[in-house]
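1. sharing a sequence plus its predicted fold:
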There are 4 protein chains.
Amino acid sequence: MATHGHLDRQLRDLDRLVALIDGVFAVAMTLLVLDLRLPPQAADLPSALRQMLPGFLIYLIVFASVAGYWIIHHRTFRYVAHTDAAVTMLSLINLMSITLFPVVASIVGSHPAEPIATVCVSANSLFYCLSAWAIWAYAAAHPRLLTAEAEHVRLRHEANVMLVVGACMALAIPLAFVGVGLAYADWILSTPLAAAVGRRLEAAAD
Amino acid sequence: MATHGHLDRQLRDLDRLVALIDGVFAVAMTLLVLDLRLPPQAADLPSALRQMLPGFLIYLIVFASVAGYWIIHHRTFRYVAHTDAAVTMLSLINLMSITLFPVVASIVGSHPAEPIATVCVSANSLFYCLSAWAIWAYAAAHPRLLTAEAEHVRLRHEANVMLVVGACMALAIPLAFVGVGLAYADWILSTPLAAAVGRRLEAAAD
Amino acid sequence: MATHGHLDRQLRDLDRLVALIDGVFAVAMTLLVLDLRLPPQAADLPSALRQMLPGFLIYLIVFASVAGYWIIHHRTFRYVAHTDAAVTMLSLINLMSITLFPVVASIVGSHPAEPIATVCVSANSLFYCLSAWAIWAYAAAHPRLLTAEAEHVRLRHEANVMLVVGACMALAIPLAFVGVGLAYADWILSTPLAAAVGRRLEAAAD
Amino acid sequence: MATHGHLDRQLRDLDRLVALIDGVFAVAMTLLVLDLRLPPQAADLPSALRQMLPGFLIYLIVFASVAGYWIIHHRTFRYVAHTDAAVTMLSLINLMSITLFPVVASIVGSHPAEPIATVCVSANSLFYCLSAWAIWAYAAAHPRLLTAEAEHVRLRHEANVMLVVGACMALAIPLAFVGVGLAYADWILSTPLAAAVGRRLEAAAD
């Protein structure tokens, strides 16, 4: 009974943590659009919509990044069966970076041509990647947290995916000062790169 | 044990995807009202409330559409038991269109008489319908994702419902340039039409 | 297997509906504060905080109402085991009124002394109560939706609670034109009244 | 059957309450950033970002507090297996303070050097701590609500953690008038203090 209650408790622990993370992802994804408003000073609706276009394209790029992070989170947490104080704490630090995406998206949306604005997005993405890497690397080093002992190999692979994306984001910071377009291209390419690396590692592990 | 862990994992996969989708639906539905604010320049409260009326009616129409999409999503996902990379990816593309409903509702709410404003709603709805169709059509073609092998017939029917609604939304784009009222009428009629087609197909399948 | 799949499906149906409802309640409750902002034109912080006070009190009253509605929803849905097209449709109409609470709270918060502003809150609350009544009355009339056949008596009692609160809200509309304070008093008293009626009916049924 | 239905019902009761609480936490955590906007009157982007810095640091502190409260809530609710009218009511009062965090964070973010602004945060945190203490103290006094009879000792410890944090928050109110920096230091130190007390009590109980 004690053991059973203990197991149930750990399951509910993980479910609540995952529910909080998914809730923050859902709210942050929906708030990304908050700055997509008609500019009040526009002469007419067609020109107002044209002025919204750069912000809309940046919304698409940031949404795709955040959606990609969720997919990796979702794929990775399948291997995690239990949580402990460290996973919970690291997850909340990770959550902080998710809540900041609407802020940095708004900054770059209003100043799409300024390198320093893209640095806000790159730095926050780097913070996301490093904190996610810390979660998977910690879990991989503690097999008692995993669904099966052997999963630590897969988790280490997934942690590596986050390091690859993080390296792309770190690279986008100096690239933006060479040319802002290079930072955008770096962001866009990092998602399919991460997906490709992830699929490759998953295929290798199966 | 390996098989059991694998099953549990797939169930949790689907639950998390559905929780994220429902979270985005819940936030987007609640954010639809964000532009229903008292106009600050109105002379008195009764005239301010009168000025809010067109925005309120558009809110009702868009809320009814999004609620209708949720009902169809809910009815359809009953047949889906597992997810894979493609269903997850298509669902996140589908989610993007849900997060855009508050933006397009705000555009048409502030310019209810301009055809180009209604085109934003129609185009986003069309994007929703096509991405939802892609999910159901893909799942119908992969019976291993379904609760029972025979469900692929029902899912193909549901995918057809999305194509019918999508056709209504595509039709609303040229109609708006004939008369904006025709686009509104098209939106309003598409929901009961979809419900009727859905009920008909469900009755036929039972 | 077919029956088992059918049962699982109905359970998931209800879980998703309840999750969507709770998501909308959570977002709407948190958005109620959105208009609690420091007035930008205030001379200093203490006087700005004093100017926020009426809006804060109205926030407390509306939050208490919405929280009370959630408690009743929560207490009542315990008796519901299955959903059908009508419960789902009625629940989404009910959800619409929840999403409107931040709007009507904002209207009355900026014009606390105007009867017509309180009518917006009363009318939306009345709409909530009538749509909630329709859900419970429908479910009570369809025992196959309930956890146990005998629960239809309890559900009918709960539906009556919604009619009592709805009557208070309908009464607040003419009362506001006699004196705005009477409408506020009516709102405040309706929550403990509903709680008392609910406890009484629950005690009678046990 | 009756008993089984009753058990199921209580489990779903608790799950819905926890889902609502986590939903409000997720929305409130994400809305904390809402006031992190570029100041429109800034000369250029670098100086605008510099002007955002105090608000960003306050965001970090308030986010860490709210995340800490969630961790304690999560750790404590593991011992709770059932809910009753009092736990539900106290939890909704507790929720009200969570929804107010974006408001008080906005007040202190726009006036970081004014003692009275920090009092808003301290008073709301104190309100959170006292209402959370009331939940755990009530549950500890009613062992039928707990996962195992013996858990009431752990819950009483957790309630004491909330009283320790609450005392820090009460202390921050007079401290702010001595020097605003002391209130900030008090907030920052209260989280590791609570974590240390919590870990100590958990170790003692195991």
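-> All right, it came through fine. Please read all numbers here as calculations on a predicted model, not as lab measurements.
2. buried stuff in the helix or strand where residue A:59 lies?
-> Using DSSP states H and E, residue A:59 maps to helix A:45-77. Residues of helix A:45-77 classed as buried: A:45, A:48-49, A:52, A:55, A:58-59, A:61-77 (neighbour count, 16 or more other C-beta atoms under 10 Å in any protein chain shown). In short, each C-beta sits where N, CA and C put it, glycine included.
3. likewise stretch A:141-156?
-> Residues of stretch A:141-156 classed as buried by neighbour count (16+ other C-beta under 10 Å): A:142, A:145-147, A:151-152, A:154-156.
4. surely residue A:93 is in contact with residue A:131?
-> Yes - counting by C-beta atoms under 8 Å, residue A:93 touches residue A:131, with 5.0 Å between them.
5. so is stretch A:113-120 next to chain D?
-> Yes - using C-beta under 8 Å from any C-beta of the partner chain, stretch A:113-120 reaches chain D at A:114, A:116-117, A:120.
6. now stretch A:38-45
-> No - judged by C-beta under 8 Å from any C-beta, stretch A:38-45 and chain D are separated, with a smallest distance of 12.2 Å.
7. in that stretch, which residues are buried?
-> A:38, A:45.
8. and what of stretch A:184-202?
-> Buried, per 16+ other C-beta under 10 Å, within stretch A:184-202: A:184, A:186-187, A:190-191, A:193-195, A:197-198, A:201.
9. now the residues you listed in CSV, please, with extra columns for pLDDT, secondary structure and distance to chain D.
-> Listed next are the buried residues of stretch A:184-202 as CSV, based on pLDDT from 0 to 100; DSSP: H, G, I helix; E, B strand; the rest coil; distance: C-beta to the nearest C-beta, whole Å:
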residue, pLDDT, secondary structure, distance to chain D
A:184, 94, helix, 17
A:186, 94, helix, 20
A:187, 93, helix, 19
A:190, 90, helix, 23
A:191, 80, helix, 22
A:193, 86, helix, 28
A:194, 82, helix, 24
A:195, 76, helix, 26
A:197, 82, helix, 29
A:198, 75, helix, 26
A:201, 74, helix, 30
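10. dump these into JSON lines; add distance to residue D:108 as well.
-> Converted to JSON lines, these look like this (distance: C-beta to C-beta, whole Å):
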{"residue": "A:184", "distance to residue D:108": "35"}
{"residue": "A:186", "distance to residue D:108": "36"}
{"residue": "A:187", "distance to residue D:108": "33"}
{"residue": "A:190", "distance to residue D:108": "36"}
{"residue": "A:191", "distance to residue D:108": "37"}
{"residue": "A:193", "distance to residue D:108": "41"}
{"residue": "A:194", "distance to residue D:108": "38"}
{"residue": "A:195", "distance to residue D:108": "41"}
{"residue": "A:197", "distance to residue D:108": "43"}
{"residue": "A:198", "distance to residue D:108": "41"}
{"residue": "A:201", "distance to residue D:108": "45"}
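11. which of those lies closest to residue A:103?
-> residue A:187 (16.5 Å; C-beta to C-beta).
12. give me the phi and psi for residue A:142.
-> The phi/psi pair for residue A:142 (degrees, to the nearest 10) reads phi -130, psi 80.
13. per-residue confidence for the closest residue to it other than its chain neighbours?
-> Closest residue to residue A:142 apart from its sequence neighbours, by C-beta to C-beta, 6 or more residues apart in numbering or on different chains: residue A:84 at 7.5 Å. Residue A:84 is assigned a pLDDT of 88 by the prediction.
14. any idea how far residue C:74 is from residue A:84?
-> Distance of residue A:84 to residue C:74, given as C-beta to C-beta, to the nearest Å: 31 Å.
15. where does pLDDT dip in chain A?
-> Scanning chain A for pLDDT under 70 picks out A:1-11, A:205-206.
16. show me what from it comes close to chain C.
-> A:23, A:26-27.
17. can you lay out the residues you listed as JSON lines showing secondary structure and distance to residue B:102?
-> Formatted as JSON lines, those follow (DSSP: H, G, I helix; E, B strand; the rest coil; distance: C-beta to C-beta, whole Å):
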{"residue": "A:23", "secondary structure": "helix", "distance to residue B:102": "18"}
{"residue": "A:26", "secondary structure": "helix", "distance to residue B:102": "14"}
{"residue": "A:27", "secondary structure": "helix", "distance to residue B:102": "13"}
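18. tell me if I am right that residue A:43 is in a strand.
-> No - Residue A:43 is assigned coil when assessed by DSSP: H, G, I helix; E, B strand; the rest coil, not a strand.
19. single out the residue in chain A that lies closest to chain B.
-> Closest residue of chain A to chain B, C-beta to the nearest C-beta: residue A:26 (2.9 Å).
20. quick one: that residue from residue B:92, how far?
-> Where residue B:92 is concerned, residue A:26 sits at a distance of 12 Å (C-beta to C-beta).
21. name the member of the residues of stretch A:113-120 next to chain D with the most neighbours.
-> Taking other C-beta atoms under 10 Å in any protein chain shown as the neighbour criterion, residue A:117 ranks highest of those with 24 neighbours.
22. now do the contacts for it.
-> Residues counted as contacts of residue A:117 (C-beta atoms under 8 Å, 6 or more residues apart in numbering or on different chains) are A:107-108, A:110-111, D:45.
23. what angle separates the helix or strand hosting it from helix D:45-77?
-> Per DSSP H and E: residue A:117 is located in helix A:115-140. If you take axes from the mean of the first three to the mean of the last three C-alpha atoms, to 10 degrees, helix A:115-140 sits at 20 degrees to helix D:45-77.
24. let's have the contacts of residue A:117 in TSV, adding secondary structure and distance to chain B.
-> Output for these, formatted as TSV (DSSP: H, G, I helix; E, B strand; the rest coil; distance: C-beta to the nearest C-beta, whole Å):
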residue	secondary structure	distance to chain B
A:107	helix	18
A:108	helix	17
A:110	helix	16
A:111	coil	20
D:45	helix	24
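25. in these, find the pair that's most separated.
-> Between all members of those, the farthest pair (by C-beta to C-beta) comes out as A:108 and D:45, at 10.3 Å.
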